[in-house]
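Visitor: I'll drop the sequence and a predicted model, then ask my questions.
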Amino acid sequence: MIDTEVLAWGLIDDPDPRLARSIVELSSIIEPAAAAVAARRRSQDDMDALQGTLGEIRQSRVGTVQRGGATRALHGHILLASRSPALVAMGPAISAAADQRLLLAESGLTLPRDELPIYAALVDAIGVGDPGRAEMEMRQLVAEAAVVSHGTEMARVERASAQGDFS
């Protein structure tokens, strides 16, 4: 069981870099798989929730609390659309990764670019039932998040992973 209060405590004020890194690593393992499963199992209700949340992302600015909350919700909807109790149970860890990015946004640090096109492509891939593309888009999102969370070296590794280059 993952305790969100313990995770939040470990990431607020003076975050432990090892905990922050491990949460991003967990996210990079879980979320692409969850996106692929969601593309296979999503319902119309799931797509309505994903499209609604994507609309909230479109209406918010990069680096704002509103954008952070909407992206966090979208990640949660993807876990729910997977219809996998085990993946849904990973929600607190995934939320902790999103909360970490939200705290960075609130402090004035933002992602290096607007991720809206990636989120739109991800929701589209899930909607058309393309697990491979959904997984790839989520890998790209996790790689972009690594830029803020852990600097350029971690981002380089994540981007190489997203492109299938494991050298």
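Guide: That came through fine.
Visitor: Surely Leu74 and Ile57 touch.
Guide: Yes: between Leu74 and Ile57 there is a contact at 6.7 Å, judged by CB atoms under 8 Å. C-beta: built from backbone N, CA, C; applies to glycine.
Visitor: Common neighbours of these two, please.
Guide: Common neighbours of Leu74 and Ile57 are listed as Tyr119 (criterion: CB atoms under 8 Å, 6 or more residues apart in numbering).
Visitor: Just the strands from the protein, written as ranges.
Guide: In the chain, no strands are defined using DSSP state E.
Visitor: That one: helices as residue ranges?
Guide: 4-11, 17-41, 44-58, 65-81, 85-89, 91-106, 116-127, 131-162 (DSSP state H).
Visitor: Could you take those helices and lay them out as JSON lines, with extra columns for mean pLDDT and mean neighbour count?
Guide: JSON lines is the format used below for the helices of the chain (pLDDT from 0 to 100; neighbours: other CB atoms under 10 Å):
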{"stretch": "helix 4-11", "mean pLDDT": "57", "mean neighbour count": "14"}
{"stretch": "helix 17-41", "mean pLDDT": "87", "mean neighbour count": "19"}
{"stretch": "helix 44-58", "mean pLDDT": "98", "mean neighbour count": "16"}
{"stretch": "helix 65-81", "mean pLDDT": "92", "mean neighbour count": "20"}
{"stretch": "helix 85-89", "mean pLDDT": "93", "mean neighbour count": "13"}
{"stretch": "helix 91-106", "mean pLDDT": "71", "mean neighbour count": "20"}
{"stretch": "helix 116-127", "mean pLDDT": "97", "mean neighbour count": "19"}
{"stretch": "helix 131-162", "mean pLDDT": "72", "mean neighbour count": "19"}
